[in-house]
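Colleague: Whatever this is, show me its structure:
(chains A and B)
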Protein chains: 2
Amino acid sequence: MDVVAQVRNFLEPKSVAVIGTSRTPIRAGNLTYDVLPNLISSGYRGKIYPIHPSVGEVHGLRAYATVAAVPESIDLAVINLPRDLIPGAVEECVKKGINAIIIVAQAFADAGDDEGNRLQRQIDDAIRGKKTRIVGPNTLGTANAYAKFSSAFAETHMEKIPVGFICQTGAFFLGLAGLKLMGKAIDLGNGSDIHFSDGLEYFEQDADIRVIGLHIEGIKDAARFLKVVHRVSCKKPVVALKTGRTERAAQAAQSHTGSLSGEDEVWDAALRQAGVIRVEEIEELGDTLRAFYILPPMKGRGVGIISASGGFGVMSVDACERFGLEAVKFSPATTVRLQALYPSWQKAANPVDIAPSLMMGKKTPFFEALMTTAEALLDDPRIDAVLGTLDGSDLSLIDLYSKVAEKVTTAHPDKPLVFYLYGSPVAAEAKGALEAGIRSMVFSSPYRAVRALGHLAHYSEFRSACDSSPT
Amino acid sequence: MDVVAQVRNFLEPKSVAVIGTSRTPIRAGNLTYDVLPNLISSGYRGKIYPIHPSVGEVHGLRAYATVAAVPESIDLAVINLPRDLIPGAVEECVKKGINAIIIVAQAFADAGDDEGNRLQRQIDDAIRGKKTRIVGPNTLGTANAYAKFSSAFAETHMEKIPVGFICQTGAFFLGLAGLKLMGKAIDLGNGSDIHFSDGLEYFEQDADIRVIGLHIEGIKDAARFLKVVHRVSCKKPVVALKTGRTERAAQAAQSHTGSLSGEDEVWDAALRQAGVIRVEEIEELGDTLRAFYILPPMKGRGVGIISASGGFGVMSVDACERFGLEAVKFSPATTVRLQALYPSWQKAANPVDIAPSLMMGKKTPFFEALMTTAEALLDDPRIDAVLGTLDGSDLSLIDLYSKVAEKVTTAHPDKPLVFYLYGSPVAAEAKGALEAGIRSMVFSSPYRAVRALGHLAHYSEFRSACDSSPT
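Modeller: All right, here's what the predicted structure looks like:
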């Protein structure tokens, strides 16, 4: 069985056994942490087999004393027992012919005590030479919005977005306010068996997935990983948040998932060489994943900036230089087109400020000024993406922006158009309204908008190199 | 009249003349841009004198043909006329004895054309040797939430927060979604007369103001500015977003406000030496201003991290190293206190993961684990601030956090306690709920939380140096 088929059992199981469900589950506030009730309420359509030693029915489902007692075959077992009971449960699953096991409990390599290491060796021994693969221990397991499946003991926040996510903390499964990170996900936890390379090979061939996100604390087989991630990057963008950057943080990662983090500069160079888009923190991760699945590729480094506030125009130029893009000089044709809109004293230069056309003698109505400017910039061969920093303090303006965006993105589907909206408190609401109808994105600052564009541009360069030299 | 009294006319005027109000104001979408209606609707309690050549009443207020025709004295004139009419209007204001003038129109030094420069020279000549000071041209003017006053031609988004803000783009007056930036503000625009040093001297003595924010495109009198800002920084934190970092951006700033930006490295060194907290972008600006007025000072660089997700603990340590803080080793007493809470296999080290106390045998209930951990960390003399990265996906948890935060911040009012909450979609709502009752802050990522703490710690070090050596 190849890796793709092995991982498929974890993400698209047709039947799941849940071994261990608590009558006194862990609680914090009103929340209850338990696998089985969350799996039932997620809307999963496959078969669920609760395994319980003494009870015939759990949460309205028929329970079985052991996996061996289940009459049908089982694609995936989720073992939700204390660490001492895990090796025995794994052996029973292997005996039953279950090829995929998720181990929830922690306190194995992450604890670093003799007992944890001994138990881990027992687990390793139980699957050696068998077809069975393990996700975990110390994990929330897997989640798949397309199949309404989640093995997590907490409510999983996922949407049918084309992002495959591989992480080493289950906290991502709970969702990070406002950041859309996962359509399908694997929490490797300690990564005792299934690791990044396996997940990458699966998402490489998954037609639902157009972008892959990684949260890496450590890598087990760096040689295989770098080879696989380079190959995958030549097909789909791979965005990575590599944590444990320093010695101190690496120690923390060691006691979190038992991972060895390694030298940060080496990581940086190796990931870059493999075409991986490295991000520094979670908001950048969220912005970048979305940019890759919402926006078209950015084919060069030229940015055209439309501003209704000169100040944000200046900040956008700063951000371009910060993230390796260029607020290019307009081509002569563009300058001529724009100059017709504006009072004579205004230079039609990048960033182009549309406010003067309003202020001075109402030479050009706002809607017309914005439409013509957006068209002129997107027509300019020097410009590969357009950023508008505009007043978002009234929803009537969003209507105008939406009309402009719809028209110009239809005419130029090959160039990203993005926005930063200032103005309170409507801007937050406006973001949703503006993004709804068009293939565009609204960012929380010019800095974040340009940072995401920078990743698009760098990835396009990497991809061109892939195309010219086979990997 | 000293500078403070001069600036007071702009921020606390008892009477305002508005010269120019349009029967066909500038419109975009449903928004109308005009000074007088916005001033009236802001709730300002002072006297308003509309100046209009031919109409006896405007927006329900008695209008006067000229400022000379107004029978009382006038603290502030807002000139809202096309550029050609400005010099004449300024002369009339000077003749009337008005000591403060805001000039809204653009197209002076920012246009850089001969006509703009000529008009600016006429304005300069009109006030030379007089008591009259000018804010602008090319500005929204001033705003003061404490006096419900705004000269802006758009709705001003301000709150009674102790932040004095001096900027070079009026877009800040419209509010930036979710960022609280100003209680009182001056938009310098082109800064032809009133400049950063004047505003700083005013906010230096303003008892309502505890933190000062600057958005700088360029400085006119660098020697005076650096002297003043150093003196002010020794009394109140000054946070600066200096834009126009590169040559390209500096060109844009030149055509925005006619400012000369200067070499970025020189700026960096000079600002640091003067004790100014420099930030890179607007979200950092908002986070940092809030941190300074909400949180107590951070007296050293030691951070204690409480995590319910090991992964975010690791990210927090990364952020500490990134921003010059240290995830310190706990003192022996702290380790002993914590170890009692946890299963034997867990090392009670920084970052401390409270999840195991839940997972393994429910040794300690969640509330008790969190409370004891927070108390132990804040008691630790090595720790100067505590960051909690916790599940915010249910409001019942926020109740628990609020109770913990209220108790421990009362016992330790001298150390910042901050949070990052993951979990969707409740986390966004939880932020408000948790911040409501306590002197704490919730950030959108561990990275942003630690970045703000880093600014607090660096400022405390600067302040100590001030105290030991008079400036």
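Colleague: what number of residues lie near the residue of the stretch 1-150 of chain A found nearest chain B?
Modeller: Across the stretch 1-150 of chain A, no residue is closer to chain B than residue A:29, which sits at 3.2 Å (Cβ to the nearest Cβ). From N, CA and C alone the C-beta is placed, and that goes for glycine too. Look at residue A:29: counted by other Cβ atoms under 10 Å in any protein chain shown, it has 17 neighbours.
Colleague: mind checking the SS state of the residue lying closest to it once chain neighbours are set aside?
Modeller: Closest residue to residue A:29 apart from its sequence neighbours, by Cβ to Cβ, 6 or more residues apart in numbering or on different chains: residue B:396 at 3.2 Å. Secondary structure, DSSP: H, G, I helix; E, B strand; the rest coil: residue B:396 is helix.
Colleague: pLDDT value on residue B:396, please?
Modeller: On pLDDT, residue B:396 comes in at 88.
Colleague: Show me what from the stretch 1-150 of chain A comes close to chain B.
Modeller: By the rule Cβ under 8 Å from any Cβ of the partner chain, the part of the stretch 1-150 of chain A lying against chain B is A:24, A:26-31, A:33, A:82-83, A:105-107, A:110-113, A:115-116.
Colleague: what about the most centrally placed residue in chain A, distance to residue A:341?
Modeller: The centroid of chain A falls nearest to residue A:181 when counting by Cα atoms, centre = their mean (3.6 Å). Computed as Cβ to Cβ, to the nearest Å, the residue A:181 to residue A:341 distance reads 41 Å.
Colleague: same check, this time on residue A:245
Modeller: Distance of residue A:245 to residue A:341, computed by Cβ to Cβ: 48 Å.
Colleague: So for those two, which residue has more residues nearby?
Modeller: residue A:245 (23 against 20).
Colleague: and the more buried one, that one's in a strand?
Modeller: No - secondary structure of residue A:245 (three-state DSSP): coil, not part of a strand.
Colleague: What strand or helix carries the residue in the stretch 201-350 of chain A that chain B sits nearest to?
Modeller: Closest residue of the stretch 201-350 of chain A to chain B, Cβ to the nearest Cβ: residue A:311 (2.5 Å). Using DSSP states H and E, the element containing residue A:311 is helix A:310-322.
Colleague: Distance from that helix to the middle of the chain?
Modeller: How far helix A:310-322 lies from its chain's middle: 27 Å, per Cα atoms, centre = their mean, to the nearest Å.
Colleague: In terms of secondary structure, what does it contact?
Modeller: strand A:302-307, strand A:326-327, strand A:352-353, strand A:385-391, strand A:417-422, helix A:446-468, helix B:247-257 (3 or more Cβ pairs under 8 Å, 6 or more residues apart in numbering or on different chains; DSSP states H and E).
Colleague: if you set the cut-off to 7 Å instead, what comes out?
Modeller: Helix A:310-322 sits against strand A:302-307, strand A:326-327, strand A:385-391, helix A:446-468, helix B:247-257, with contacts defined as 3 or more Cβ pairs under 7 Å, 6 or more residues apart in numbering or on different chains; DSSP states H and E.
Colleague: Pipe these into JSON lines and attach distance to residue A:189 and mean neighbour count per row.
Modeller: Output for the helices and strands packed on helix A:310-322, formatted as JSON lines (distance: least, Cβ to Cβ, whole Å; neighbours: other Cβ atoms under 10 Å in any protein chain shown):
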{"stretch": "strand A:302-307", "distance to residue A:189": "41", "mean neighbour count": "28"}
{"stretch": "strand A:326-327", "distance to residue A:189": "43", "mean neighbour count": "22"}
{"stretch": "strand A:385-391", "distance to residue A:189": "38", "mean neighbour count": "28"}
{"stretch": "helix A:446-468", "distance to residue A:189": "28", "mean neighbour count": "20"}
{"stretch": "helix B:247-257", "distance to residue A:189": "45", "mean neighbour count": "23"}
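Colleague: mind listing the strands for the stretch 101-250 of chain A?
Modeller: A:133-135, A:142-144, A:149-150, A:163-167, A:184-187, A:211-216, A:238-242 (DSSP state E, counting those that start in this stretch).
Colleague: Pull up the distance across stretch A:340-355, start to finish.
Modeller: End-to-end distance for stretch A:340-355, by Cα to Cα, to the nearest Å: 15 Å.
Colleague: Tell me which residues of it come out buried.
Modeller: For stretch A:340-355, burial by neighbour count (16 or more other Cβ atoms under 10 Å in any protein chain shown) applies to A:341-343, A:345-355.
Colleague: can you list contacts of it?
Modeller: Identification of contacts with stretch A:340-355 by Cβ atoms under 7 Å, 6 or more residues apart in numbering or on different chains yields A:304-310, A:313, A:316-317, A:327-330, A:335, A:338-339, A:356-357, A:360-361, A:363-364, A:369-370, A:372-373, B:107, B:111, B:113, B:115-116, B:252, B:255.
Colleague: That one - what's its average pLDDT?
Modeller: Mean pLDDT, stretch A:340-355: 85.
Colleague: for stretch A:302-313, same thing?
Modeller: 94.
Colleague: centre of the chain versus that stretch, how much separation?
Modeller: Computed by Cα atoms, centre = their mean, the separation of stretch A:302-313 from the middle of its chain amounts to 28 Å.
Colleague: What is the burial count for residue A:53?
Modeller: Residues near residue A:53, counting by other Cβ under 10 Å, number 10.
Colleague: Contacts only, for it.
Modeller: By Cβ under 7 Å, 6+ apart, residue A:53 lies in contact with residue A:65.
Colleague: Wasn't it part of a strand?
Modeller: No - remark: residue A:53 does not belong to a strand; assigned using three-state DSSP, it is coil.
Colleague: Now it, what are its backbone angles?
Modeller: Phi and psi for residue A:53, reported as degrees, to the nearest 10, are phi -70, psi -30.
Colleague: What of residue A:57?
Modeller: Per degrees, to the nearest 10, the backbone of residue A:57 is at phi -140, psi 130.
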